[in-house]
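Peer 1: Only the shape, not the letters, is given here:
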């Protein structure tokens, strides 16, 4: 908890430090923008505040570092010092308190202290005084050591007289040092208070510090470097501490492992020895009961041998047991006669029971006070029968001590006969009567009748025990007899080699006169602490890496501060250059478009005069060239607007099919000249009206179609198709016949518009990321537009740069085909602005297919209202039946699409034979038959036409009229109307009107002047422009439709003319004029109108003259800017007559 508090507080403090430094660096970056007078004034001001501020910062940093280091040190050594503090406190600090308040004796304190040392997990020490009887002056004091394991709790008690009036009831010493915790919390509270106090003190002078920071960047850098040095030193200290901590932890765990393993072995050896000793003692009682307690004895050598052999599993550590009878010297002769053998003595006094000893080779036992010949023995040591145990030095001492003490006694270690192993003998005295525990040694000696001994081969027994443990090979075990501390006897194990740690476990074999212990060491020295080394090196490496990073960052900050000032200066220059570029484009646009407006306008007016054919050709050529120049200028300006991010898209409802018809109208003449099949098809899944930017949508399609037409040779085709994106993602259930034929054709000749092989159009959109993503909004739709051609294709090496501006396929295309190479780049940018994607597939010699997607919104109004607005004649053809004869499915579907837009019911036949069956099945007959010129065959065609009704009209669909086909039709006494391709709604309407003679109305092109004239007739319009040519062009165009035009050359003159009340219905105003531009003139006119409207009576009509902007500046003069100053519309130069009509029609009603 304390460490996390340290970390959190440190991180907060460092965040504040770096935020302050970043603010200083940002403020210092503004140095380049200060005025020179301000710099000189600041240089004259005293800098005492700056120096004092840095002194306070240094002082705060020193205090904070000191407090953190102190707290961190206390935290690190808290766990190490806690145990020692508790123990020393228990002895030194609290001893007087225990003696004085509780009258606890020193012996009790020492016992408590020893318990402390033995347990590492004691949590509390409690001394509780319990009141005695009311008349008693003595009270009982209980001191308890409480640990996590209740079974290990130690409780000590004693009674002593205590005065209970001023004595606390409980004294508790916690190992989690609360005083240290409180000290740490106090230290960090002081540090936090210092920081808060410093922040509050400097809050008032924040602005002054910002100003002073302008000249303190070097000081900030030095301060950051000092902090960096402190950080590196801290990292070094932490790495050293981490090495010590991990290494110490490894050493402690290694020590604990050794202790556990050694204690486990000692406990197992001691437990088995005690069990064996108990069984030997029980065997001594058995001999006393059944040998000496029965007459005759119930046990003989055979019985004893079999019994001890069968119960040997109860004595796993013994190598053999034997019973020796106590025989006095006076009884020796009688004893030897009864048993038939002589009492023998041991070979040497230092040897005892041996497995390979032969009694026949031993000498008789010498004369002594008493003997202890073996009369009963285990089968394993049956050869020691008749040997006098009193003749051996160790055995004699054992026997004397055993019979005097009444307990089992052990000999000191000595080598067993012929085994070279150290062993011991356990001896129990056998008494003929039952003796009490407090019997005297003399009573025990008198009652002794024999001795039961058991031999132990210690090395073999210990080795057998260690083999039972899996970790035998890990440690080295030595068993010592330490009765003589100065000369301990190694009973088992190799010579000791110092491998580091040593643990000693005491062994209690039941003989208080003998001391034994087990010493354990690891076989190998501890390995190199790689974990501690790697961890400490890792921390040190991270510290140096961070130090290097911070040092580089500090240097980088200094460099960035310098670069920032330079970049700010360059930024201002770039902004100024961008403004200059925009102004240059606007100026160039205005200066180019203004004379072009006059050129095109005058040429248009010239073409309206009576010219001979040659003069008309010259004028039309000049007019077309001017339009091409304007188109090039518009493309360059569009690219500039897109790059500067100033191009904004409209969102207006429009008829998408009409837009496509207009695009085909632009290229119809050129496609007919090149004999290229040009067609458009729109899926019936698309709504009638969509909301988007029709101008930019038309611009994209125009660029793609123009590109395809430029690179397509004669007799090829260009197919423009529009579908919903969802239709191409669900090929299996598509209902569109065009898509169905394309999916099944794979580019075969039978299913293409011209019969030529085409590329697989699906590859053009396979890389679209959002094609299959569903649109979340229900009103939005995703439209897929595809332009397919059979042109020359794009070389493989040029396909990667096809969308780059001013780039073409190769250097020869600019000479062979012409163009600037900017159209596709603009198209891709516009598609991106519409949140769509564009792609293509192309194969040299086959053709190319370009596809793009755009997002648009659905419009609720019906297409009928839109079509009736421009083509009211379509209602005359609704319900008519038509038969289309064409052997190419796609071309027939394109024809069906155009007829269905007029409400005509369409049937399709692939030949005249199949068409004959349609005629026989139809009851009411067909009103019209449309035959593609490629299908015409003279023999079958004339036969088919001969069976037609007189009311049925015949139409030939062709790019260019073939005279022979027309003559063949006339030979059949029929008249065929030729419909020129590409098919468009306006072309079909005009052809059908002339053929069916519906009323007196002709084509729409003849109705338009009447409509324009009805809108503008007798309307007074003011034209404001400083250029006389532009005034004449606007005046001529408006007067052509019956308007009464007045022209002025300045904004001031317009302001005088439009002061209410006046008789002008509208005003066309140029934006760039000397003295007063169009924006300012419009604002003043609106202000005058506002004042006038305030003065007139309520209920009367308010004055608001429609003002339309008229300018050649296509960069700045946008609708939004015009609307801000009060204008009602916008017309760019050079303008067409229709453009003027569209702008004025919004404010005037026809008729």
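Peer 2: Looks like it arrived, so ask away. Nothing here was measured: the structure is a model prediction, and the numbers come from that model.
Peer 1: mind listing the helices for the stretch 851-1000 of the chain?
Peer 2: 863-870, 889-901, 912-921, 938-946, 963-971, 985-996 (DSSP state H, counting those that start in this stretch).
Peer 1: I'd like to know which of the ones you listed is closest to residue 1132.
Peer 2: helix 863-870 (23.1 Å; CB to CB). Using the backbone N, CA and C atoms, a C-beta is placed for each residue, glycine as well.
Peer 1: just to revisit the earlier point, determine which of the helices of the stretch 851-1000 of the chain approaches residue 855 most closely.
Peer 2: helix 863-870 (20.2 Å).
Peer 1: Which helix runs longest in the protein?
Peer 2: helix 530-607 (DSSP state H).
Peer 1: Following element in sequence after that helix, please.
Peer 2: Where DSSP states H and E defines the elements, the next helix or strand beyond helix 530-607 is helix 613-644.
Peer 1: which parts of that next one are buried?
Peer 2: By neighbour count on 16 or more other CB atoms under 10 Å, the buried set for helix 613-644 is 619, 622-623, 626, 630, 633-642.
Peer 1: where along the stretch 701-850 of the chain do the strands fall?
Peer 2: Assigned by DSSP state E, counting those that start in this stretch, the stretch 701-850 of the chain shows strands spanning 717-724, 780-789, 838-843, 847-858.
Peer 1: now the longest one: mean pLDDT?
Peer 2: Think strand 847-858. Regarding strand 847-858, the rounded mean pLDDT is 92.
Peer 1: what angle separates it from strand 780-789?
Peer 2: Compare the direction of strand 847-858 with that of strand 780-789 by axes from the mean of the first three to the mean of the last three CA atoms, to 10 degrees and you get 160 degrees.
Peer 1: so what secondary structure elements neighbour strand 847-858?
Peer 2: strand 689-692, helix 694-711, strand 780-789, helix 823-833, strand 838-843 (3 or more CB pairs under 8 Å, 6 or more residues apart in numbering; DSSP states H and E).
Peer 1: In CSV: these, plus distance to residue 460 and mean neighbour count.
Peer 2: Below are these laid out as CSV (distance: least, CB to CB, whole Å; neighbours: other CB atoms under 10 Å):
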stretch, distance to residue 460, mean neighbour count
strand 689-692, 102, 20
helix 694-711, 102, 21
strand 780-789, 93, 23
helix 823-833, 93, 20
strand 838-843, 91, 22
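Peer 1: For the stretch 401-550 of the chain, just list every one of the helices.
Peer 2: With helices called from DSSP H, counting those that start in this stretch, the stretch 401-550 of the chain shows them at 441-447, 458-467, 530-607.
Peer 1: In the shortest one, which residues are buried?
Peer 2: In this case it means helix 441-447. Using 16+ other CB under 10 Å as the test for burial, helix 441-447 gives 444, 447.
Peer 1: rewinding a little: tabulate the strands of the stretch 701-850 of the chain in CSV, adding columns for distance to residue 875.
Peer 2: Formatted as CSV, the strands of the stretch 701-850 of the chain follow (distance: least, CB to CB, whole Å):
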stretch, distance to residue 875
strand 717-724, 25
strand 780-789, 28
strand 838-843, 39
strand 847-858, 25
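Peer 1: closest to residue 545 out of these?
Peer 2: strand 838-843 (46.6 Å).
Peer 1: and the closest one with helix 694-711, angle?
Peer 2: For strand 838-843 against helix 694-711, the angle by the same axes, to 10 degrees is 10 degrees.
Peer 1: between strand 838-843 and helix 823-833, how many degrees?
Peer 2: With the same axes, to 10 degrees defining the directions, strand 838-843 sits at 140 degrees from helix 823-833.
Peer 1: so where's the stretch 951-1100 of the chain uncertain?
Peer 2: Scanning the stretch 951-1100 of the chain with the threshold set as pLDDT under 70 gives 961-962, 965-975, 997-1014, 1097-1100.
Peer 1: what about the stretch 201-350 of the chain, any weak spots by pLDDT?
Peer 2: Scanning the stretch 201-350 of the chain for pLDDT under 70 picks out 201-221, 347-350.
Peer 1: all strands for it, in order.
Peer 2: Using DSSP E, counting those that start in this stretch, strands in the stretch 201-350 of the chain cover 320-325, 327-328.
Peer 1: so what's the closest residue in space to residue 505 that isn't next to it in sequence up against?
Peer 2: The shortest distance from residue 505 to any non-neighbouring residue, by CB to CB, 6 or more residues apart in numbering, is to residue 266 (3.6 Å). Residues in contact with residue 266, defined by CB atoms under 8 Å, 6 or more residues apart in numbering, are 505, 506, 507, 518.
Peer 1: does residue 376 sit in a helix, a strand or a coil?
Peer 2: strand (DSSP: H, G, I helix; E, B strand; the rest coil).
Peer 1: Around it, how many other residues sit close by?
Peer 2: 25 (other CB atoms under 10 Å).
Peer 1: Residue 836 too?
Peer 2: For residue 836, using other CB under 10 Å, the count is 23.
Peer 1: That one contacts residue 851, correct?
Peer 2: No: Residue 836 lies out of contact with residue 851 (CB atoms under 8 Å); the separation is 10.1 Å.
Peer 1: circling back: how about the helices of the stretch 851-1000 of the chain, which one is nearest residue 415?
Peer 2: helix 889-901 (116.2 Å).
Peer 1: Among the strands of the stretch 201-350 of the chain, pick out the one with the most neighbours on average.
Peer 2: Comparing the strands of the stretch 201-350 of the chain by mean neighbour count (mean count of other CB atoms under 10 Å), strand 320-325 comes out on top with a mean of 25.
Peer 1: Just checking: what are the partner strands of that one?
Peer 2: Here strand 320-325 has these sheet partners by DSSP bridges: strand 374-377 (antiparallel), strand 448-457 (antiparallel).
Peer 1: Mind putting those into TSV with mean pLDDT and distance to residue 609?
Peer 2: What follows is those, written out as TSV (pLDDT from 0 to 100; distance: least, CB to CB, whole Å):
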stretch	mean pLDDT	distance to residue 609
strand 374-377	91	156
strand 448-457	89	143
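Peer 1: any chance of those in a markdown table, plus distance to residue 289?
Peer 2: As requested, these are arranged in a markdown table below (distance: least, CB to CB, whole Å):
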| stretch | distance to residue 289 |
| --- | --- |
| strand 374-377 | 14 |
| strand 448-457 | 12 |
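Peer 1: So which of those is nearest residue 831?
Peer 2: strand 448-457 (99.6 Å).
Peer 1: That closest one: which residues count as buried?
Peer 2: Quick answer for strand 448-457 (16+ other CB under 10 Å): 448, 449, 450, 451, 452, 453, 454, 455, 456, 457.
Peer 1: possible to save those residues as CSV with distance to residue 791?
Peer 2: Formatted as CSV, those follow (distance: CB to CB, whole Å):
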residue, distance to residue 791
448, 131
449, 132
450, 129
451, 126
452, 122
453, 120
454, 115
455, 115
456, 110
457, 108
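Peer 1: Show me which of these is closest to residue 796.
Peer 2: Of all the buried residues of strand 448-457, residue 796 sits closest to residue 457, with 95.3 Å by CB to CB.
Peer 1: Could you verify my assumption that that closest one touches residue 316?
Peer 2: No: applying CB under 8 Å, one finds residue 457 not in contact with residue 316, separated by 11.9 Å.
Peer 1: Okay, now the unreliable bits of the stretch 801-950 of the chain?
Peer 2: Checking the stretch 801-950 of the chain against pLDDT under 70 turns up 806-821, 860-873, 922-924, 938.
Peer 1: quick one on the thing from earlier: identify whichever of the strands of the stretch 201-350 of the chain lies nearest to residue 576.
Peer 2: strand 320-325 (114.8 Å).
Peer 1: outside of that closest one, which residues touch it?
Peer 2: 280, 283, 287, 291, 304, 308, 315, 335, 353, 355, 372-378, 380-381, 384-385, 388-389, 399, 430, 449-455.
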